[in-house]
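[1] predicted structure and sequence below. I'll ask about it afterward.
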Amino acid sequence: MGKIIVIGHKNPDTDSIISSIVGAEYCKNILKQDAVAMRAGDINNETKFILDKFKVKVPAMFKKMPAGSAAVLVDHNESSQLADGLDFSQVERIIDHHKVQIATEKPIMIRTEVLGSTSSLVAKLYREAGKKVPTPMAKLLIAGILSDTWNLTGPTTVEEDKKILRELNKTAKLKINEFAKDMFAAKSSLKGIAIKTIVDGDCKNFEVGKNKLGIAVWETTDPDSVTPQKAKIIQFLKKKKTEEKFDYLFFFVVDVIKQNSVLYIFDDKEKAVAEKAFKVKVTGDEVLLSGVASRKKQIIPPLTENLAK
Ligand SMILES: [Mn+2]
């Protein structure tokens with residue numbers, strides 16, 4: 001049996017990194033595979049805070065598949081989000097909570113659920129195997145759940161996430177609200193953060209018909225801190241759109257407390273689609289979208305629906 005690489009999406013967020021770390025433990029201890037977690041890009045400041053706090057090593061950067069190995073994808077399933085150097089013929093399993101858009105040439109194992117995080121699903125896999133999540137891993141999974149669900153308040157949160165988190169915390173014993181606050185402060189801080197990181201840090205690519213679509217979000221508890229950087233961000237977006245040949249590129253500053261977002265407008269193409277998709281009138285270089293916060297649930301569906309027309 002060859003090596004198993006457990007890996008999340010490009011521009012990895014906390015859930016992607018944590019579900020790869022704990023997913024690799026699951027593959028090792030439950031599935032008895034020779035598994036290792038790897039990452040598909042730089043980690044963000046929230047993830048760094050969590051791994052530092054729990055003294056967990058950052059997974060190694062994926063370069064290419066070792067000969068005879070196979071990949072387990074966590075927290076993604078679209079080819080446009082796969083790590084560079086990885087292709088679908090090497091994937092044997094997917095563990096995810098996103099919309100599904102795959103076509104494979106051979107049978108693979110796929111487990112997706114409508115949960116607030118892939119971390120929740122990894123916890124569920126342990127439960128189904130009749131095994132308790134080891135304490136250090138329980139702490140990590142809690143962080144993954146809190147990050148993706150914004151401390152269980154975001155629109156993708158389901159009852160089961162809350163139940164799973166309570167269960168995990170019986171062993172992890174974290175002060176949840178305090179911990180979540182520290183995580184979000186680490187994520188929102190712009191200290192030492194380059195414009196490129198604000199835009200690329202959580203940018204996901206999609207193929208919609210013949211269109212290459214990019215949706216970048218900056219999740220923050222302090223949206224006002226981003227405003228002074230707007231001109232530079234817009235400049236960066238224009239360059240990125242041309243250089244990476246996007247048909248459409250969107251950038252949202254997401255307020256995870258008020259749960260709304262501000263979409264930066266830098267091109268008439270995006271403006272026209274946004275006006276239709278979000279039923280708003282855009283006048284300047286930004287537009288407030290009230291009640292729009294989740295990329296998965298409130299941004300991707302109306303955008304892709306309008307682009308598919
Ligand atoms: Mn996720």
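    Thanks, I have it.

[2] show me the contacts for the residue in the chain that the ion sits nearest to.
    Taking Cβ to the ion as the measure, the point where the chain comes nearest the ion is residue 15, at 3.5 Å. Yep, even glycine has a C-beta here, placed from its N, CA and C like the rest. Residues touching residue 15, when contacts are defined by Cβ atoms under 8 Å, 6 or more residues apart in numbering, comprise 8, 75, 117, 118, 119, 144, 145, 147, 148.

[3] and if you look at residue 286?
    Contacts here follow Cβ under 8 Å, 6+ apart; on that basis residue 286 touches 230, 262, 263, 264, 265.

[4] specify the beta-bridge partners of it.
    In this entry, residue 286 is beta-bridged to residue 264, by DSSP bridges.

[5] show me where the stretch 151-300 of the chain has its strands.
    All strands of the stretch 151-300 of the chain, identified by DSSP state E, counting those that start in this stretch, fall at 203-208, 211-220, 248-255, 260-264, 286-289.

[6] including distance to residue 39, could these go into TSV?
    Compiled in TSV, those are given as follows (distance: least, Cβ to Cβ, whole Å):
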stretch	distance to residue 39
strand 203-208	16
strand 211-220	19
strand 248-255	23
strand 260-264	27
strand 286-289	31
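
[7] want to throw these into TSV with distance to the ion and mean pLDDT?
    Conversion of the strands of the stretch 151-300 of the chain to TSV gives the following (distance: least, Cβ to the ion, whole Å; pLDDT from 0 to 100):
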stretch	distance to the ion	mean pLDDT
strand 203-208	11	94
strand 211-220	12	97
strand 248-255	14	98
strand 260-264	18	98
strand 286-289	21	98
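
[8] tell me the pLDDT at the residue of the chain closest to the ion?
    Note on residue 15: pLDDT of 98.

[9] if we can go back for a sec, inside strands: which ones of the contacts of residue 15?
    With strands identified by DSSP state E, the entries of these that belong to them are residue 8.

[10] buried ones among the contacts of residue 15?
    Among those, those classed as buried by neighbour count (16 or more other Cβ atoms under 10 Å) are 8, 75, 117, 118, 119, 144, 145, 147, 148.

[11] ok, for the third one, nearest residue in space, not its chain neighbours?
    What that stands for is residue 117. Distance criterion Cβ to Cβ, 6 or more residues apart in numbering; nearest residue to residue 117, sequence neighbours excluded, is residue 148 at 3.6 Å.

[12] that neighbour contacts residue 121, doesn't it?
    No: between residue 148 and residue 121 no contact is recorded; they are 10.8 Å apart, counting by Cβ atoms under 8 Å.

[13] having no further points to raise, I will conclude here.
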